[in-house]
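Asker: sharing a sequence plus its predicted fold:
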Amino acid sequence: MDLIVTATAQGLLWGMMALGIFITYRILNLPDMTAEGSFPLGAAVCAQLIISGVHPLIATAIAFVIGALAGAVTGFLITKAHIPGLLAGILTMTGLYSINLRIMKRANLSLLGEARLTDFFTGFNLPSQFDTIFLGIILVCIVITLLVLFFKTELGQAVIATGDNEKMARSLGISTNQTKILGLMLSNGLISAAGALIAQDNGYADISMGIGTIVIGLASVIIGEVIFGNLSFVNRLICVILGAIIYRFIIMFVLLIGLQPNDLKLISAIILAFCLALPSIRTKYNLNFFQKKELL
Amino acid sequence: MKKMIGFIICLVALLTVAFFTTKTETVTKKEKPMVGILQLTSHPALDLIYKGIVDELNDAGYIDGETMTLDFQNAQGDQSNLNSMSTRFVSRGADVMVGIATPSAQALANSSQDIPIVLGAVTDPEGSGLVKSNEAPGGNITGVSDLTPIKEQFSLIKEILPEAQTIGILYSSSEDNSIVQAEQAIEIAEEMGLDTQVMTVSSTNDVAQVASTLAAQVDAIWVPTDNTIASAMNTLVSAADSNLIPVFPAVDTMVEEGGLATVGLDQYELGRLTGEMVVAILNGDTNPATTPIRYLDQGDIIINEEKAEQLGLTIPTQVLEKAKE
């Protein structure tokens, strides 16, 4: 039971990161590697600010803003310097490693005994991990509401149109360069804020905590899609969060049945590859059991 | 849509049950004590520490599956696993948890404020925020520090290479423990009238290039206890060899992998010492809050004579006499 609670708590926090990945990967149709740099960036900024006495809420908000700036750099490299998207993301990610070290001034910043966002719940005497769950649910609701509201505006629709068909969007008078940069800023801001939250949950920020995060984010997005099918926009966002929770369940299950943790990366990759391949397997063998309702 | 709502309802139901049960749930007393060991990644030094802990436990009569339950988890360097693994220990009702390397210790510290935690190979527990002070930890954490005898190592360099003037210091910028050691090393070198040339790598991929650049500018290279460099020791040695520069690592296993010499802490002995502290807690003899962080009393001089011959160096006989076989 404890493990389900932990997995859900972790999934909710990682879900914020997955929402960021969703914006670039699904809405902008641009696989963005900046995530592996902006995630520890958020952790670094937030940890350093909390240690200097800044309120954790403000520290997390600043982490969002700084992450958005990192996204803007990638956006600038793509649109103004005409560097291919994948490469631009890798460049920013690499550069951020040094910047993160500068921010932290060391490789690992401990938050043990420092103020954290979950402190808000300490007075309620909740069972362990439930502070993280309530915090996660509140933040997820706020973020999803804001995202839905934003993507309903003219600007938000322009971002969606850019991802759907860039040429068409440009012919409609949308400045696709600006919308791309905006999307990347929003995405990396969210990823950076997720880094800040996970640093507070783990009790430290570490320079190498970004490694592998993009796979976790992508897996969450894709698991959500594969299991729950094609849904309306709001529901798709919710499914990303559910996907992140299910991913944590899978990892928990793998550890529980006693598989070697050494094999975890391979298992993550296999799960992701299977989920990515599933739609084409389904079409080929006409197996519609997962999406029957939607197709009818 | 139906599936999604169904899943959310199931999840909420499970969480509600958990919410009302965990509060009253008491950990049932197990017949056998349980020890959870969390290791950050695999490399020879950390693996030896783990072996030392297990041997010490066995010698004290704690044998896995018979008189105790041992749960060993290795995160393979992926920090997102550390948290789940720590919670796994707590939920299984561990009696003592051992963290090998700093991030694993921090993950354990974050998962429980009551279960005793023993640190294996954390260079500076106070600086990592794990204990209030190294002398009086004050919480549920105590353990063994792997701070190496840097001063003795630099004296050894002077004994073997009396003419050496510039010492290169190479470490990984992604490891907190290395930075602490490098800062001390620079200070010690200055006191001895040596010049230092410091370079850092961010991953094992940088080692080849950074090491060959450094080797061209110095008389010898010193490396601290560093997980990244330890993993890429062969790369470092081949870069140093082509410049005929000896490498003085802080760890004995790194001498075996091509370093010239060190005054090293025996990683296996570090593990034995960690194991000793675990046993004391299992027996109910000590309280982590009042048990100071322990250090290995003395290091062994370890010489790689094959490497000395290859580099055309003669090791002074008085050094050879003191060296451990």
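Answerer: Ah, there it is. All of these numbers come straight from a predicted model, not from anything done at the bench.
Asker: in three-state terms, label residue 31 for me.
Answerer: If you meant another chain, say so; for now it's chain A. Classification of A:Pro31 by DSSP: H, G, I helix; E, B strand; the rest coil places it in coil.
Asker: wait, chain B
Answerer: Going by three-state DSSP: B:Glu31 is coil.
Asker: how close does it sit to B:Pro116?
Answerer: Going from B:Glu31 to B:Pro116 by Cβ to Cβ, to the nearest Å gives 19 Å. Any C-beta I mention is one placed from the backbone N, CA and C, and that applies to glycine too.
Asker: and the two? Which one has more around it.
Answerer: B:Pro116 (25 against 7; other Cβ atoms under 10 Å in any protein chain shown).
Asker: check contacts around the more buried one.
Answerer: B:95-97, B:140-142, B:281, B:288 (Cβ atoms under 8 Å, 6 or more residues apart in numbering or on different chains).
Asker: just the ones of the residues you listed in strands?
Answerer: Judged by DSSP state E, those include B:96-97, B:141-142 as members of strands.
Asker: farthest pair within the residues you listed?
Answerer: Greatest spatial distance among the ones in strands among the contacts of B:Pro116 (Cβ to Cβ): B:Met97 and B:Thr142, at 11.9 Å.
Asker: show me whatever sits in contact with both of those two.
Answerer: B:116-118.
Asker: and which of the ones in strands among the contacts of B:Pro116 is nearest to chain A?
Answerer: Set against chain A, the nearest of those by Cβ to the nearest Cβ is B:Ile141 (9.5 Å).
Asker: does B:Gln267 really touch B:Met254, like I thought?
Answerer: No: B:Gln267 lies out of contact with B:Met254 (Cβ atoms under 8 Å); the separation is 10.1 Å.
Asker: what is in contact with these two at once?
Answerer: Joint contacts of B:Gln267 and B:Met254 (Cβ under 8 Å, 6+ apart) are B:Ala45.
Asker: near chain B at all, the helix or strand harbouring A:Leu186?
Answerer: Assessed by DSSP states H and E, A:Leu186 sits inside helix A:176-202. Yes: applying Cβ under 8 Å from any Cβ of the partner chain, one finds helix A:176-202 in contact with chain B at A:201-202.
Asker: return the distance of that helix from the chain's centre.
Answerer: Put simply, helix A:176-202 sits 7 Å off its chain's centre (Cα atoms, centre = their mean, to the nearest Å).
Asker: same check on stretch A:98-118?
Answerer: 20 Å.
Asker: and the contacts of stretch A:242-257?
Answerer: A:3-4, A:6-8, A:10-12, A:14-15, A:17-18, A:216, A:219-225, A:227-228, A:261, A:264, A:267-268, A:271, B:4, B:7-8, B:11, B:73, B:81, B:84-85, B:88.
Asker: those residues, buried ones only, as a ChimeraX selection?
Answerer: To isolate the buried members of those in ChimeraX, using 16 or more other Cβ atoms under 10 Å in any protein chain shown:
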select /A:3,4,6,7,8,10,11,12,14,15,17,18,216,219,220,221,222,223,224,225,227,228,261,264,267,268,271 /B:4,7,11,73,81,84,85,88
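Asker: just the contacts of stretch A:242-257: which are in helices?
Answerer: Counted as lying in helices by DSSP state H, out of these, are A:3-4, A:6-8, A:10-12, A:14-15, A:17-18, A:216, A:219-225, A:227-228, A:264, A:267-268, A:271, B:4, B:7-8, B:11, B:81, B:84-85, B:88.
Asker: how about A:Asn188, nearest residue that isn't a chain neighbour?
Answerer: A:Gly71 (3.1 Å; Cβ to Cβ, 6 or more residues apart in numbering or on different chains).
Asker: which helix or which strand is home to the one you found?
Answerer: Counting by DSSP H and E, A:Gly71 is part of helix A:56-79.
Asker: repeat for B:Val263
Answerer: Counting by DSSP H and E, B:Val263 is found in strand B:261-264.
Asker: please work out the average pLDDT along that strand.
Answerer: For strand B:261-264, the mean per-residue pLDDT is 89.
Asker: and the residue nearest to A:Asn188, how far is that from A:Leu256?
Answerer: 37 Å.
Asker: repeat for B:Gln267
Answerer: For B:Gln267, the distance to A:Leu256 - Cβ to Cβ - is 31 Å.
Asker: what does B:Asn304 give?
Answerer: Here B:Asn304 is placed at a distance of 44 Å from A:Leu256 (Cβ to Cβ).
Asker: picking up where we left off before, and the next helix or strand past the helix holding A:Leu186?
Answerer: Immediately after helix A:176-202, counting by DSSP H and E, sits strand A:204-206.
Asker: do that following strand and chain B meet?
Answerer: Yes: Strand A:204-206 is in contact with chain B by Cβ under 8 Å from any Cβ, via A:204, A:206.
Asker: ok, and what's touching that strand?
Answerer: Strand A:204-206 is contacted by residues A:40, A:43-44, A:46-48, A:104, A:107-112, A:195, A:199, B:79, B:103, B:106, B:110, B:129 when judged by Cβ under 8 Å, 6+ apart.
Asker: what pairs with the closest residue to B:Thr291 other than its chain neighbours across the strands?
Answerer: Spatial nearest neighbour of B:Thr291, excluding adjacent residues (Cβ to Cβ, 6+ apart): B:Thr142 at 4.2 Å. B:Thr142 has these beta-bridge partners by DSSP bridges: B:Val118.
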